[in-house]
Every structure is written in structure tokens, then in C-alpha cells.
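Colleague: Structure for the following, please:
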Amino acid sequence: MKLRESGVFSGNLGELERKTLKRKKVLATLKVLWSVIEDITKEISPEDAANLISEEMKEVMQKDAARTEDVVAYNIIPLDSLSTTNLIVTFPEVRAAVSSLQYHRDLPRLPTTISVPDARNSDMLDLLHCVFGFQKDNVSNQREHIVHLLANEQSRLGKLPGNEPKIDEGAVHVVFSKSLDNYIKWCNYLPLRPVWNNVESLTKEKKLLYVCLYYLIWGEAANVRFLPEGLCYIFHHLARELEVIMQKQTAEPAGSCISNDGVSFLDQVIYPLYEIVAAEAGNNDNGRAAHSAWRNYDDFNEFFWSEKCFQLGWPWKLSNPFFSKPIRKEQGLISRNHHYGKTSFVEHRTFLHLYHSFHRLWMFLLLMFQGLTIIAFNNGNFDTNTVLELLSLGPTYIIMEFIESVLDILMMYGAYSTSRGSAITRVIWRFCWFTAASLVICYLYIKALQDGVQSAPFKIYVVVISAYAGFQLIISLLMSIPCCRGFTNACYSWSFVRLAKWMHQEHNYVGRGLNERPLDYIKYVAFWLVIFAAKFSFTYFLQIKPLVEPTRLIISFKGLQYQWHDFVSKNNHNAITILFLWAPVASIYLLDIHVFYTIMSAIVGFLLGARDRLGEIRSVEAVHRFFEKFPEVFMDKLHVAVPKRKQLLSSGQNAELNKLDASRFAPFWNEIVKNLREEDYISNTELDLLLMPKNIGGLPIVQWPLFLLASKVFLAKDIAVDCNDSQDELWLRISKDEYMQYAVEECFHSIKYILSSILDKEGHLWVQRIFDGIQESISKNNIQSDIHFSKLPNVIAKLVAVAGILKETESADMKKGAVNAIQDLYEVVHHEVLFVDLSANIDDWSQINRARAEGRLFSNLKWPNEPGLKDMIKRLHSLLTIKESAANVPKNLEASRRLQFFTNSLFMQMPVARPVSEMLSFSVFTPYYSETVLYSIAELQKKNEDGISTLFYLQKIYPDEWKNFLTRINRDENAADTELFSSANDILELRLWASYRGQTLARTVRGMMYYRKALMLQTYLERMHSEGSRICI
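Modeller: Numbering: from 1, shown residues only. Okay, here's the model as predicted:
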């Protein structure tokens, strides 16, 4: 039971299922036994019954029998069963959410045929289950779903006071608004009055009732969920039916859901729609059929974007052509006489899409090229002749719009019978408008060229072009600028605004509210203005202008003799030659915008990345260099606020603050490193180097991972031995490498702490006097004269011997060896390295010398069995023995990439961290269809035509990871593959190792589970400073 209640599930799903079935049988047997005992005790006197079974045993058996209901399936919150160990049911937010759904007096009575589990009271979902016939499991799932939504929203508003908490009105309204947001938008779009008259007049209970109804519809909709506006249509009619039933004394089934077998929402509402969707999907010839030959989800959903959808009636009018199934002819083609066509769009595969889809870009580029060419041929002078030629842009623009309108008519072929009338009217209107406009504007411009700028046709042409350009500019601004677009959307009910927007673009349901912020729009416009300025400057000065004179010269040539004289040069001003002269320029002109865009994007991306510090960590060396900053930025970005940290920060206690940050960062870092080891990206040695101490011990400094401090002690020793300068110069040379300084300080404090912990009485006093003398020497700047640095290697050797013995398991021989090693250290320190002034503390030194003479100075040694002290000794031993640099740790590229990604994310801008209990709920989905997730042993051993198996290939591709894997499962690295098959656990580990490297979906699932690990770790960190806090994952 503890396994089931705690939510900790084994990876062996078969074993879990077996245990669950066994548990159900046991509990069912207990219930039967209790009923038998009850019947037996009724037939005898109370005195005999008391002698037969004690009251205590009776209570135990009664509780066990009552737990039979606990076998009811649930996801996270056991609402339909009694639970004594799942603490989530005790949270105030959960209890408030559950109580808010309970039955109230405004609801009609439930029929006596409706049964409710003893573990809970009847609620709104029981009413909806009775009225519409939703499936039982769907009702249970959505009950838990809605409780989660309400509890999560309430947790963000704050804690609930009192023993009987009530859900806040604000939490209910937020859940209601988010859940029914699409339905409200759908009603506003059609336009259609929602089932309620005014949202403000809705009570909290009524809002929850609508939320429950919507989620029950969604939960039982199957593939119809892909028709969100279809669900809005269903909800609209079911809610109206519910309003009628709410006026009655006793709940009764809804007329739209009554079937021959009772009440079934699935059979009467969902199945007819699902059936036609499935029939159309089955008619696509596995994706090979033409797009126009069958209806997809978009076609079905777009049908509900117009008031025409109400022709389907309620209950469904299955005679409507919308529900007509496709019928195949003998040749396998669809019989269009019985086929309901596409809704609003039919895909036609044609090269004309190259122009039709990007017509605005083509128009803009062509008009700019024409304008720049005209200016260049007029030598940059803006006189009357130049202006007249520039006005030729009008006919060019209107002709290109006419071409676009013709393509609109062609591309819509196949959807005219089912498209909305406004869409068809708009296409025809644009064609007629641009046809007439093209004729009129071209005629006026030709007449203006013939009659001059003082003629009436010219003036009319200027007025027409100016009016049209002004109107288009105003409409474009209203439709493009965010603040103006919001205003036009708000005024959409006005006929003039609706007509103007309709002329400019088709008004669709999707994408209506996608408005960027004004600042983002300004940045976007400025970005493209810079690109266009660079492009057109390049085009004008380096492409068009240099060709002006050669073009004039070629045109001026008369009587040139070509091989094809009559075809090429007769009375055509050498047009073909000019064409070949300008063709490369025009081609480059159309393509170089991508070059300018790429360059500008790289520049802007670099500046934005530098501002947001996206590339702060780009290598393993950068991880080493910036590591000491990680705890601080981790606490600032990823950790909830800690009151103690704010106090230390305000008081300027930097040492304590750094140690606090390191103690909170260490568990997070270590968990990442341990995961890398579990996934075999690093070895055991690298794991020891990468792990960071907890920093919660008695040392007054921050302890950094060994991979930062490796070999630093020996480098510092060499500097000290070779240095003849003053104490300050020596420390300055060591401090140039911050991690060398940290290594020296940690060794100093660790040696003092370890020796003080294991020695007693005179031995402890000796340690105290030695280190006091060293610190006094440092304070007086006499370190060079008081310590013989040339003998430091001897001290290090003796310390290595002491640490090497102390890190082992306690025994009599080990203890004796440790005492001898410390005595050797005593001799080296006193006779070779340190000059000790005995006059300062003569009594203490007399006591120490007396104990040494009697042989009891170090005899009372306490063996370090405490885990924290033992880890410190092992760490000191590593600091004093590792001579190789760890600059390339970790060696594996994937491990390096992950560490770089994590550490780099610490410097990015992100919202303020909130506690886990206040986080937004989220779900993770991954597409899956008939693919291998976990390799089987047979698949791993199967060889291809070259005789290479999948396992052999992976071993050769990832040799270091394979070696780490064998080490992890305690196998020799030269072991044969067949040796791994002797253990079931090794077989599973092998399959996982191979699948994580050969199957993308396996890595995806593992990555999804990282979320759970991260949340659990964050919860642990929060509880470190907030004991007793309620955290729900």
C-alpha cells in the first residue's frame, strides 16, 4: 500500500500490475470476511460476540474492509477512495477545490439510481454524468483534473485560512476564463450570444458547472478534440439543454444524448462526428490522394467558423451534407456527387505559388527596382520629367495586383461550393476592382504621357493615384501598427470598419488577436529599414548606376551587324544585348536581400546574445574560470529568496554569504554530475573530481570541486620553495591563481580541523599551538624566517601518510600506524620546518613535552568514523596527491556540452524563482507512432549484411562510455558481451545504455523525467530553509 500511495513506482510494470491485482483480491477477501463475521455476530448475544472477537480486532477488521474502495484507480489525488497516507488530500487548496464542486441547493436532485462512493459526497460532475451520460472513467479523470486546476490557481493566490477552507472567487474566475476562453471568442466572432447573458452575473457555482461540462466534453471527445470550434458548438448546445434541466426538481437525461441503451454522450454526440472524420481520413490513400479529394481536420473545424454550422441543428441532423461520407467509384476516385467539398482552402500544386504566396515581396522589389532605375537614368535629378516617369509605378502596381486577383480565383478552385459567401464575394470583388482599376489607370497614364503634365488626364491621374495610395496607406497602418490594430478590432462591429478590413484581407477566426507590442513592432520595422537601406544603396550605387552609361551607349549604336541581323538588331535599339547586360544585375537584385538579411541577423543576434549573456560559457575552460561565480548567480536566478541571505548581504558578511550560496548550489551541481555518471558520460575518477563538498562543515571557507584545485598545492609548493621574496610577494604570486589560493587555504584549515578532531588533550593542545604560531608569524610578516619552505615536500609526504591511513577502515594496526605517522609529522615540523618560540606559552609547551616524553602525546587518537570528517580526510589526501592537471575534465564531449549548457543558463535573464508549490502546472507530450523505444537483446545482437551488430557499432562509436558502463555494473572492461546476459539486471542496464544512444525517443522520455528530478531537488533546497513547508510535486 505504501508503494501505491507514495506514488513511487517500480520500473518493472509487470511486477507492479501483479502486486496491484493481488492487493485488490486481498482487500476484496477482507470485505467478504467482515460481512460474514457481521452476520455471525448478529445471531448470538452481545456478550458471546464480545468473547468471540474483541472490540479492538473488530475495529481493525472494519477499517480493512472499508479500504476495499481504495483500489479505485486514480492519477494523483484519490478522490473516489479513502486514503490515509497520501498527504495531498490534506492540503487546504485541495480540500477547498473538492468542497467547491460539491452538490448545492440550486442543482436539481439526483435520481435514486445514481450511486456515489462512500469516500466522497455527490458533486456537480455526478449531475452532468446523470444528465448527459458521460463515461464513468472520464468523469473521474475530469473531476481530478478540475480539482488540480482549482488547487493550483488557489496556491498562486495564497494560503487559505481556517479549518474548512473555501476556494477564492478569483481562482474560480481565472479557471473559468482560461477554460472557456475559446468558446467566448467563438461566440464573439460569429457573432453569437453565449449561454450566459453576462459573465459578471454568473455565480461561482455556475462558473464551475460550465467548467465541468466543458472538460467532460473534452475528455470524451476522442479525435474530435482536434476540432476546437466543433467542441464549442457542442458545448453551446449542451449548456442550453442543461439550463432547461436546471429548472426542474429532479435531474433527467438530456434529449440529445438519449439512445436505445440509455444515455450516452459518446454514442449520440461524438460518434457521428468521429465517424465522418474517420471516413474522410480513410479516403486519403495513405497520404497519396490529392489534397482536394478529402477533408482533413482543418476543413471540419473551419466549417464551425461561420453561422452556417447551425444548419447541423441539435441533435445532429445526420441528413445534412456535412455528414455525407465519401463514396468511391470503381476506379477508386471519389464520387463528387455525394462528397462534401473542402471548406475554404484547396491545395493546388503549381509553380504559380512562387508568385502568389510572396506577391507583396515581388511587388515591392519590382517597384523599387523600377523607381531606382528611373532615378539613375535621370542622373538623380527630381524634375518634372523624373516625376512623370516615377508615376509609372502606379500602372505597374495595379497590374501586379490584377495578376494576384486572377491567381486568387484560380487557387480557390474546388472550394467555391463550401466556402463562406464573404470569402467568395471578396475574391470576385477584388478581381472586378483591379480589372477596372488597371484599365482606367493605364489609360490615364498613357494620356498623361501624350498630353503632358498640364493636361486634364494628368491631373486626374495624380488625384486618383494619390487617393488610392492614401487609402491603402491608412488601411495598412490601421492593420499593422499594434495600437491601431487593437482599436480596429474593438470597432469591428462598425459596418465601415468591417467593410474596410474585409477589402484589405479576409477576416479569419485564427490569428485575429496575435498583436505584438508597439516596442517590438518598432524594433522589427527598424531592423528591416536598415536592411532595405543597405540593399537599395548597394543596388543603386553599385548595380544600376554603373550600367546607365553603357546602356545609353548600346542604344545609340546604329546599324550594327549581328549574325541574326533581322531577328536581333533591326529597329529594336539592341534590346537583346541590353537584356543580357541587365539580366545578371536583376538576378542579383532579387537574391541579395537574403545576404543583407543574413548579415544583419548575425549582427543583431550577436548584440542581443551579448546583452543577455547567452554565450558566457563556451568551453570547459570557461566552466573552470567562472565556477566561483556559479553559486551566487544560482541563488539569484534559480533559488527562491532566503531571508538569511538578505541579512548577510545587507550586513556585508561576504565570507558567510559565499559559504551559504555554495551550500545551496552544491546539491544541485552534484545531482547533475551524478546523473552524468549514471548515464556513463564520466568515469568514477571524474565523478570524484567534479563533486562539490556540501560546505556545511566547520571550515570557514568555501570548498570547491577537486577538478578546480587539482595539482594547485604542488604548484604553490614549488613557488614557495623557489621564492626568496617577502611574505607579501609570495602570497601575491600564489593569489594570481585564485584556485591555487583556495587550495592552499583549504589545506591549511582542513589539516587543523582534522588533527584537532582526532587528537585529545595534549595532542589537541599541540595542534592549537602550532597553528596559532603560524598565524602569528603571518600577522608579523615573519613567515619567511619562521618556516623553512625548502622542507615543505617532507611535510606534504608526512601529511599524505597520515591522511592515507585515516581514510581507511578502523583497526588496531591502522590506529597504531596513524599514531606513528603523526609522530613522524611532529618530528618533521619541529626539527626541519617550523621555528617555534617556546617562551610565549611555556606552560603549554612544557605539558606537551612531558606528554611526548611519556609516550602519550598522540596515544588517545579518536578514529574518524563520522562521514563528514571521513570525506574531508579523503579530500585532503586527494589535494595532496593529485599532481596531474584536471583542465580537460570532463573529457566526454556530451558531458562537457551539458555542463556548459547548464552553467551558461545561469547567466541568462529569467523570471524571479518561485516556490514549487506556486509554480504553473505543465504537461509534456511527445509524438509516438510505431517505433522502437527500448532495444531488445535480439535487436542488439542482430547483424547486418556486413556482419556488424547494433551493440558492436555503439561500442565502437562510444568507447569511453562503454568502459564507464562496464565499470558501473562491476564488470571487467575486457568482458565478453555474452557475460552480460547472465544477470537480468545487467541485461536491462545494457538495453537502456544502447537505447539512450541509438533511439531518440528513449532519450526524449528520459529527458521528460528529468523534470521530476529537478522539481524534487528544488523542493529539497526549499525545505532546507523552510522546514515544515508543504510542497506538492
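
Colleague: Show me which residues of stretch 385-403 are buried.
Modeller: Buried positions in stretch 385-403, judged by neighbour count with 16 or more other C-beta atoms under 10 Å: 386, 388-389, 391, 393-403. Glycine gets a C-beta too; all of them are placed from N, C-alpha and C.

Colleague: start to end distance for that stretch?
Modeller: With C-alpha to C-alpha, to the nearest Å as the measure, the first residue of stretch 385-403 is 29 Å from its last.

Colleague: still on that earlier bit, which of the buried residues of stretch 385-403 lies closest to residue 535?
Modeller: Top of the list for closeness to residue 535, among the buried residues of stretch 385-403 and by C-beta to C-beta, is residue 393 at 18.2 Å.

Colleague: Double-check that closest one against residue 370; I have them as touching.
Modeller: Yes: Residue 393 sits in contact with residue 370 when judged by C-beta atoms under 8 Å, with a separation of 6.2 Å.

Colleague: ranges for the helices of the stretch 851-1000 of the chain?
Modeller: For the stretch 851-1000 of the chain, the helices identified by DSSP state H, counting those that start in this stretch occupy 867-881, 893-905, 937-941, 950-957, 959-968, 984-998, 1000-1025, in order along the chain.

Colleague: my bad, the stretch 551-700 of the chain
Modeller: When assigned using DSSP H, counting those that start in this stretch, the helices of the stretch 551-700 of the chain occupy the ranges 565-568, 575-612, 620-626, 630-637, 643-651, 654-678, 684-690.

Colleague: which stretch among the helices of the stretch 851-1000 of the chain comes nearest residue 154?
Modeller: Using C-beta to C-beta, the nearest of the helices of the stretch 851-1000 of the chain to residue 154 is helix 1000-1025, at 19.1 Å.

Colleague: Summarise which helices and strands that closest one is packed against.
Modeller: In terms of contacts (3 or more C-beta pairs under 8 Å, 6 or more residues apart in numbering; DSSP states H and E), helix 1000-1025 is packed against helix 654-678, helix 984-998.

Colleague: now the angle between helix 630-637 and it, please.
Modeller: With axes from the mean of the first three to the mean of the last three C-alpha atoms, to 10 degrees defining the directions, helix 1000-1025 sits at 90 degrees from helix 630-637.

Colleague: Direction-wise, compare helix 1000-1025 with helix 643-651 and give the angle.
Modeller: Following the same axes, to 10 degrees, one obtains 70 degrees for the angle between helix 1000-1025 and helix 643-651.

Colleague: Let's see the pLDDT reported for the closest residue to residue 613 other than its chain neighbours.
Modeller: Using C-beta to C-beta, 6 or more residues apart in numbering and skipping the chain neighbours, the partner closest in space to residue 613 is residue 907 (4.1 Å). Reported pLDDT at residue 907 in the predicted model: 87.

Colleague: In this structure residue 907 contacts residue 615, no?
Modeller: No: using C-beta under 8 Å, residue 907 and residue 615 do not qualify as a contacting pair, with a distance of 9.4 Å.

Colleague: neighbour count winner among those two?
Modeller: Each of residue 907 and residue 615 had its neighbours counted (other C-beta atoms under 10 Å), and the higher figure belongs to residue 907 (18 against 12).

Colleague: Name all residues that make contact with the more buried one.
Modeller: Contact analysis of residue 907 by C-beta atoms under 8 Å, 6 or more residues apart in numbering lists 613, 616, 617, 633.

Colleague: list the contacts for the third one?
Modeller: With contact set as C-beta under 8 Å, 6+ apart, residue 617 has these partners: 623, 626, 900, 903, 904, 907.

Colleague: quick one on the thing from earlier: for the helices of the stretch 851-1000 of the chain, which one sits closest to residue 528?
Modeller: helix 893-905 (30.1 Å).

Colleague: That closest one: how far from the chain's middle?
Modeller: With C-alpha atoms, centre = their mean, to the nearest Å as the basis, the distance from the averaged C-alpha position of helix 893-905 to the chain average is 17 Å.

Colleague: C-alpha coordinates for it, CSV please?
Modeller: Taking C-alpha atoms only, helix 893-905 is exported to CSV below (Å, rounded to 0.1, in the frame of the first residue of the first chain):
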residue,chain,number,x,y,z
LEU,A,893,32.0,15.9,-25.3
GLU,A,894,28.4,15.3,-24.3
ALA,A,895,29.2,15.7,-20.6
SER,A,896,31.1,18.9,-21.4
ARG,A,897,28.2,20.2,-23.5
ARG,A,898,25.7,19.6,-20.8
LEU,A,899,27.7,21.3,-18.1
GLN,A,900,28.3,24.2,-20.4
PHE,A,901,24.6,24.5,-21.2
PHE,A,902,23.6,24.4,-17.6
THR,A,903,26.3,26.9,-16.4
ASN,A,904,25.6,29.2,-19.3
SER,A,905,21.9,29.3,-18.5
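
Colleague: quick one on the thing from earlier: which members of the buried residues of stretch 385-403 occur in strands, if any?
Modeller: Among these, none falls in strands (DSSP state E).

Colleague: Now do the residue sitting nearest the centre point of the chain, the pLDDT please.
Modeller: The central residue of the chain, meaning the one whose C-alpha is nearest the mean C-alpha position (C-alpha atoms, centre = their mean), is residue 924 at 8.4 Å. The model reports residue 924 with a pLDDT of 82.

Colleague: swap in the one 4 residues further on?
Modeller: pLDDT for residue 928: 81.

Colleague: Relative to residue 996, how far out is it?
Modeller: If you measure residue 928 against residue 996 using C-beta to C-beta, to the nearest Å, the figure is 17 Å.

Colleague: rewinding a little: out of the helices and strands packed on helix 1000-1025, flag the one nearest residue 143.
Modeller: Distances from residue 143 to each of the helices and strands packed on helix 1000-1025 were compared by C-beta to C-beta, and the smallest falls on helix 654-678, at 35.4 Å.

Colleague: on contacts alone, who are the packing partners of that closest one?
Modeller: helix 630-637, helix 643-651, helix 684-690, helix 893-905, helix 959-968, helix 1000-1025.

Colleague: how far does stretch 627-636 sit from the chain's center?
Modeller: Relative to its chain's centre, stretch 627-636 lies at 22 Å (C-alpha atoms, centre = their mean).

Colleague: If you could redo that for stretch 89-100, that was the one I meant.
Modeller: 29 Å.

Colleague: ok, now stretch 933-940?
Modeller: For stretch 933-940, the distance between its averaged C-alpha position and the chain's averaged C-alpha position is 30 Å (C-alpha atoms, centre = their mean).

Colleague: Now do the buried residues in it.
Modeller: Within stretch 933-940, the residues that qualify as buried by neighbour count (16+ other C-beta under 10 Å) are 935, 939, 940.

Colleague: now swap in stretch 633-652 and tell me
Modeller: By neighbour count, with 16+ other C-beta under 10 Å as the criterion, the buried positions of stretch 633-652 are 633, 634, 635, 637, 638, 639, 640, 642, 645, 648.

Colleague: Sort those by pLDDT and name the bottom one.
Modeller: Minimum pLDDT for the buried residues of stretch 633-652 is recorded at residue 645 (77).
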